[in-house]
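A.B. asks: Generate a structure from the sequence data that follows.
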Amino acid sequence: MTPSTLSPMTNAVESEINQLNQRFKKVDPKKILAWCLTNIPTGLVQISAFNIDDLVITDLLYRQLRPKQPIPVIFLDTLHHFPETLQLVAKSRAIYNLDLKIFKIADVDSSETFAAKYGQGLWNQDLQKFHYLTKIEPQLQGLAKLNARAYITAYRRDLGESYANLNVFQWDENKRLQINPLAYWSRPESWAYTYEHDMIYNPLHDQGYSQIGDQPLTKKVVVEIQ
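C.D. replies: Okay, the predicted model is just below:
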């Protein structure tokens, strides 16, 4: 599969995607990313929320594989992140010398102005609209601005029922190639990699937060001792 074939317009291309998924099923993520760097030399980006899994991918790209042309990393500033998350983004940018691209909802620059324009606590009133405004629309804006033909995510099959059939390579609804190198990984594997390579991570994990997203939607995990 060559870069010129990155289009879902023909059955031949779809067949090649199926072959790639068979070839890279349960393969080490580093090998998947190495293939991407060779076969998609332009228009490749990473989308990152700077969680553990995202940082594993960034570490593989920027510390281990080190492409001549750094892969742009898209971060979506939802205006509702924890301060610790924003500090982690800045620290990661400095450590890895990231080609960081930050996108957010247009014409809004704070959670206060967001509330004034769209209503207080929109996530409680219309969660779908909140996610569209703060994540989906800025992501589409970023991919278009960067002329992205393919993008890397940290999605895994064990994230939930809707991800159960996730493939390493697949077309998204906007006809871009979505690459999920951690599709067959688990969160413990990402933590193992993090500890092995002494990576930085969000300090909120040490305070009982398992998954870290927008501040009003993120809860601590309480472990009851029997």
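A.B. asks: what pLDDT does the closest residue in space to residue 35 that isn't next to it in sequence get?
C.D. replies: Excluding the flanking residues, the one nearest residue 35 by C-beta to C-beta, 6 or more residues apart in numbering is residue 24, at 7.2 Å. For the C-beta atoms, the positions are set from N, CA and C on the backbone; glycine is no exception. Here the pLDDT value assigned to residue 24 is 95.
A.B. asks: Surely residue 182 is in contact with residue 56?
C.D. replies: Yes. In this structure, residue 182 is within contact of residue 56 by C-beta atoms under 8 Å, at 7.1 Å.
A.B. asks: Identify the contacts common to the two.
C.D. replies: 29, 154, 190 (C-beta atoms under 8 Å, 6 or more residues apart in numbering).
A.B. asks: so how many other residues sit close to the last one?
C.D. replies: Other residues lying near residue 190 total 23 when counted by other C-beta atoms under 10 Å.
A.B. asks: do the second one as well
C.D. replies: For residue 154, the number of neighbouring residues by other C-beta under 10 Å comes to 25.
A.B. asks: Kindly report the same for residue 91.
C.D. replies: Using other C-beta under 10 Å, residue 91 is surrounded by 12 other residues.
A.B. asks: phi, psi of the closest residue to it other than its chain neighbours?
C.D. replies: Spatial nearest neighbour of residue 91, excluding adjacent residues (C-beta to C-beta, 6+ apart): residue 200 at 6.1 Å. Backbone torsions of residue 200, given as degrees, to the nearest 10, read phi -80, psi 160.
A.B. asks: how many neighbours does residue 200 have?
C.D. replies: Neighbourhood size, residue 200 [other C-beta under 10 Å]: 14.
A.B. asks: what residues are up against it?
C.D. replies: 55, 88, 91-92, 95.
A.B. asks: quick one: buried residues of the helix or strand bottoming out on mean pLDDT in the chain?
C.D. replies: Of all the helices and strands that make up the chain, helix 11-23 has the lowest average by mean pLDDT, DSSP states H and E, namely a mean of 82. Neighbour counts over helix 11-23 (16 or more other C-beta atoms under 10 Å) mark 13, 17, 20 as buried.
A.B. asks: swap in stretch 129-145?
C.D. replies: Using 16+ other C-beta under 10 Å as the test for burial, stretch 129-145 gives 130-131, 133-135, 137-139, 141-143.
A.B. asks: Now, those that are in helices?
C.D. replies: Among those, the members falling in helices (DSSP state H) are 130-131, 137-139, 141-143.
A.B. asks: residues near residue 70, how many?
C.D. replies: Residues lying near residue 70 (other C-beta under 10 Å) number 14.
A.B. asks: In space, what's closest to it - neighbours in sequence excluded?
C.D. replies: That would be residue 99: by C-beta to C-beta, 6+ apart, it lies 4.3 Å from residue 70.
A.B. asks: Now do the contacts for that neighbour.
C.D. replies: Per C-beta under 8 Å, 6+ apart, neighbours of residue 99: 70-73.
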